[in-house]
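[1] sequence and predicted structure are below.
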Amino acid sequence: MRITIVAVGKLRRSIFNQLFGLYAKRLRWELRLREIEPHNSKNIKEQQRHESARLLALIPNSAQIIILDENGETLSSSGLASWIDNKIQNGSKDICIVIGGANGLDLDIFPKSHLILALGRLTWPHLMVRGMILEQIYRVQQILSGHPYHKD
């Protein structure tokens, strides 16, 4: 399984880099992080369109696309594990997680997704979310391998 995270902003400049690194080291699945610089525009819609188009260009062709959005579906860790396991059982080898910038994503990107996922109803800093979703991907890996890391 290959996990690709495409995101706006540079994690290496963030205090959240250490959290991401912790779970990146633990993960047995191949991991790729593709980042773009934020598009500076006073027009939020223009910024969203520009950033979304650049993120789309980084998504592997065969990937199952998960878009993170505060208005998405809330799943339990076990629910996410079931969703990913279903994709694996159906032959998918790539999952791509899309994380927008501070102003979110253009609405035109959403129909391209296979899952729109919320990490709860709270709004999180987009750089922090990378570590949070990577912990969940690590947790999914442990659930699917039968490891006791996850407690129901």
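    Arrived safely, thanks for sending.
[2] which helix runs longest in the chain?
    As far as residue count goes, and with DSSP state H defining each element, the longest helix of the chain is helix 126-145.
[3] helices or strands up against it?
    Applying 3 or more Cβ pairs under 8 Å, 6 or more residues apart in numbering; DSSP states H and E, we find helix 126-145 packed against strand 2-8, helix 17-26, helix 77-89, strand 94-99. In this view, the C-beta of every residue, glycine as well, is placed from N, C-alpha and C.
[4] which parts of the second one are buried?
    Taking 16 or more other Cβ atoms under 10 Å as the neighbour-count basis, helix 17-26 is seen to contain the buried residues N17, L19, F20, Y23, A24.
[5] check the third one too.
    If you call a residue buried by 16+ other Cβ under 10 Å, then helix 77-89 has these buried ones: S77, L80, A81, W83, I84, K87.
[6] please save the CA atoms from it in PDB.
    What follows is helix 77-89, C-alpha atoms only, in PDB (Å, rounded to 0.1, in the frame of the first residue of the first chain):
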ATOM      1  CA  SER A  77     -10.800   4.500  13.300                       C
ATOM      2  CA  SER A  78     -12.300   1.100  12.800                       C
ATOM      3  CA  GLY A  79     -14.600   2.500  10.100                       C
ATOM      4  CA  LEU A  80     -11.700   4.100   8.300                       C
ATOM      5  CA  ALA A  81      -9.800   0.800   8.600                       C
ATOM      6  CA  SER A  82     -12.800  -1.000   7.000                       C
ATOM      7  CA  TRP A  83     -13.000   1.600   4.200                       C
ATOM      8  CA  ILE A  84      -9.200   1.200   3.400                       C
ATOM      9  CA  ASP A  85      -9.400  -2.600   3.800                       C
ATOM     10  CA  ASN A  86     -12.200  -2.700   1.200                       C
ATOM     11  CA  LYS A  87     -10.100  -0.700  -1.200                       C
ATOM     12  CA  ILE A  88      -7.100  -3.100  -0.700                       C
ATOM     13  CA  GLN A  89      -9.400  -6.100  -1.200                       C
END
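[7] pLDDT (mean, whole number) over it?
    For helix 77-89, the mean per-residue pLDDT is 98.
[8] now that helix: how far from the chain's centre is it?
    15 Å (Cα atoms, centre = their mean, to the nearest Å).
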